[in-house]
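Colleague: Structure, please.
(chains A and B)
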Amino acid sequence: EPEVTQTPSHQVTQMGQEVILRCVPISNHLYFYWYRQILGQKVEFLVSFYNNEISEKSEIFDDQFSVERPDGSNFTLKIRSTKLEDSAMYFCASRHGQGNTGELFFGEGSRLTVL
Amino acid sequence: GIQVEQSPPDLILQEGANSTLRCNFSDSVNNLQWFHQNPWGQLINLFYIPSGTKQNGRLSATTVATERYSLLYISSSQTTDSGVYFCAAAPYNNNDMRFGAGTRLTVKP
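Modeller: Coordinates of the predicted model:
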């Protein structure tokens, strides 16, 4: 069964370093997302991406964050200068969906620890 | 954006008991999903249910879109059902699915 894959599964970094989290969405999906979940809290929307541009972004997704689809398969989240409060599980998701419909599928997450 | 509220926040059951989890949302929705987050943190799709009723084994879900709520039913609960159950919804004019705060279910043997 097709699935969303994420790498790395766990990354430890020093505060101020740049981090890139990678995702391979399901191959025929058109919409891509990043969410994050701080330990013990709810899953928060960061950004959605369609047709090679950002569709929506939340107030969390500030200038420190960027997304890119560098080729036909990868979808990346970059955090330019990490802060302690960026420590969280980051989930990538995708859906096929025409318009606003379609089931959302999540990867297994990348756990980021900022020291 | 759309507001999603879940109740109860915590639920403790004995194995074999039934339960109902509720999700209220503030806008008309085009997407609604229920997820189970297992102890390893994975988000497992349970139901894609913007309206109507679906069943999958011991689990079933109903969304009444006109009244802006969805219910997840778990029957004959097992210890492996433990974890956090999330509801997420997206309104008609927006791509982003917003999550509720979740219901933490603990099933005791």
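
Colleague: how about the strands in chain A?
Modeller: Taking DSSP state E to define them, one finds strands in chain A at A:5-7, A:10-13, A:19-24, A:31-37, A:44-50, A:53-57, A:65-68, A:75-79, A:88-95, A:105-106, A:110-114.

Colleague: buried set for stretch B:93-109?
Modeller: Across stretch B:93-109, burial judged by 16 or more other Cβ atoms under 10 Å in any protein chain shown covers B:94-105, B:107. (C-beta placed from N, C-alpha, C; glycine too.)

Colleague: which one of the residues you listed is nearest B:Gly16?
Modeller: B:Val107 (8.9 Å; Cβ to Cβ).

Colleague: B:Thr80: what secondary structure?
Modeller: Following DSSP: H, G, I helix; E, B strand; the rest coil, B:Thr80 is assigned to helix.

Colleague: do the same with B:Arg104
Modeller: Recorded secondary structure, B:Arg104: strand (three-state DSSP).

Colleague: before we move on, back to that, so which of the buried residues of stretch B:93-109 also contact chain A?
Modeller: Among the buried residues of stretch B:93-109, proximity to chain A is found for B:94-102 (Cβ under 8 Å from any Cβ of the partner chain).

Colleague: picking that back up, could the strands of chain A go into CSV alongside mean pLDDT and mean neighbour count?
Modeller: Formatted as CSV, these follow (pLDDT from 0 to 100; neighbours: other Cβ atoms under 10 Å in any protein chain shown):
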stretch, mean pLDDT, mean neighbour count
strand A:5-7, 97, 17
strand A:10-13, 97, 14
strand A:19-24, 98, 19
strand A:31-37, 96, 24
strand A:44-50, 94, 21
strand A:53-57, 92, 14
strand A:65-68, 96, 17
strand A:75-79, 97, 19
strand A:88-95, 96, 24
strand A:105-106, 94, 22
strand A:110-114, 97, 19
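
Colleague: Adding distance to chain B, write those strands out as CSV.
Modeller: Below are those laid out as CSV (distance: least, Cβ to the nearest Cβ, whole Å):
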stretch, distance to chain B
strand A:5-7, 11
strand A:10-13, 11
strand A:19-24, 14
strand A:31-37, 6
strand A:44-50, 4
strand A:53-57, 5
strand A:65-68, 14
strand A:75-79, 15
strand A:88-95, 6
strand A:105-106, 4
strand A:110-114, 8
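
Colleague: Which among those strands is found nearest to B:Ser51?
Modeller: Here strand A:88-95 is closest among the strands of chain A (Cβ to Cβ), at 17.4 Å.

Colleague: Kindly tell me how buried the closest residue to A:Gln6 other than its chain neighbours is, as a neighbour count.
Modeller: Distances taken as Cβ to Cβ, 6 or more residues apart in numbering or on different chains put A:Gly107 closest to A:Gln6, at 3.9 Å, once the chain neighbours are dropped. A count of neighbours around A:Gly107, defined by other Cβ atoms under 10 Å in any protein chain shown, yields 24.
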